[in-house]
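Trainee: coords below, sequence missing:
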């Protein structure tokens with residue numbers, strides 16, 4: 001049961017990170033950038049070269 005609980009916690013954390021990234025991307029970047037800041041180096045670069053995990057999450061409600 002410990003492994004299942006750990007996987008559920010990891011799933012929730014991954015979901016939170018994904019939702020956070022989507023929310024940050026949906027916001028206009030000028031909302032949290034000081035005026036005159038260059039957008040060449042974002043604070044959180046999106047890891048686009050990482051392949052999606054081969055884990056299928058099943059949500060039980």
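Mentor: Nice, thanks for sending it over. Owing to the predicted nature of the structure, the values given are computational and were not obtained by experimental measurement.
Trainee: which element is residue 11 on?
Mentor: Taking DSSP states H and E as the criterion, the element that holds residue 11 is helix 2-26.
Trainee: From the structure, what's the count of residues near residue 16?
Mentor: The burial count assigned to residue 16 is 10, neighbours taken as other C-beta atoms under 10 Å. The way it works is simple: take the backbone N, C-alpha and C, and place the C-beta from them, glycine included.
Trainee: Would you mind measuring from it to residue 1?
Mentor: 23 Å (C-beta to C-beta, to the nearest Å).
Trainee: Also residue 24?
Mentor: The value you get for residue 24 to residue 1, if C-beta to C-beta is used, is 35 Å.
Trainee: Specify which residue of those two has the higher count of neighbours.
Mentor: Between residue 24 and residue 1, counted using other C-beta under 10 Å, the more crowded position is residue 24 (15 against 5).
Trainee: And that one, what's its pLDDT?
Mentor: The score at residue 24 is 88. That number is its pLDDT.
Trainee: for residue 54, same thing?
Mentor: 66.
Trainee: now swap in residue 51 and tell me
Mentor: pLDDT, read off for residue 51, is 59.
Trainee: which residues of the protein score low on pLDDT?
Mentor: Flagging of the chain using pLDDT under 70 yields the residue ranges 29-61.
Trainee: Apply 50 and report the result again.
Mentor: Across the chain, residues meeting the criterion (pLDDT under 50) sit at 37-39, 42.
Trainee: buried set for stretch 8-17?
Mentor: Of the residues in stretch 8-17, none is buried under the neighbour-count criterion (16 or more other C-beta atoms under 10 Å).
Trainee: And stretch 18-28, by the same measure?
Mentor: For stretch 18-28, the buried set under the neighbour-count rule, 16+ other C-beta under 10 Å, is empty.
Trainee: Could you report the separation of residue 1 from residue 8?
Mentor: For residue 1, the distance to residue 8 under the criterion C-beta to C-beta works out to 10 Å.
Trainee: cool, residue 25 as well?
Mentor: Using C-beta to C-beta, we find residue 25 at a distance of 26 Å from residue 8.
Trainee: ditto for residue 21
Mentor: Taking C-beta to C-beta, one finds residue 21 at 21 Å from residue 8.
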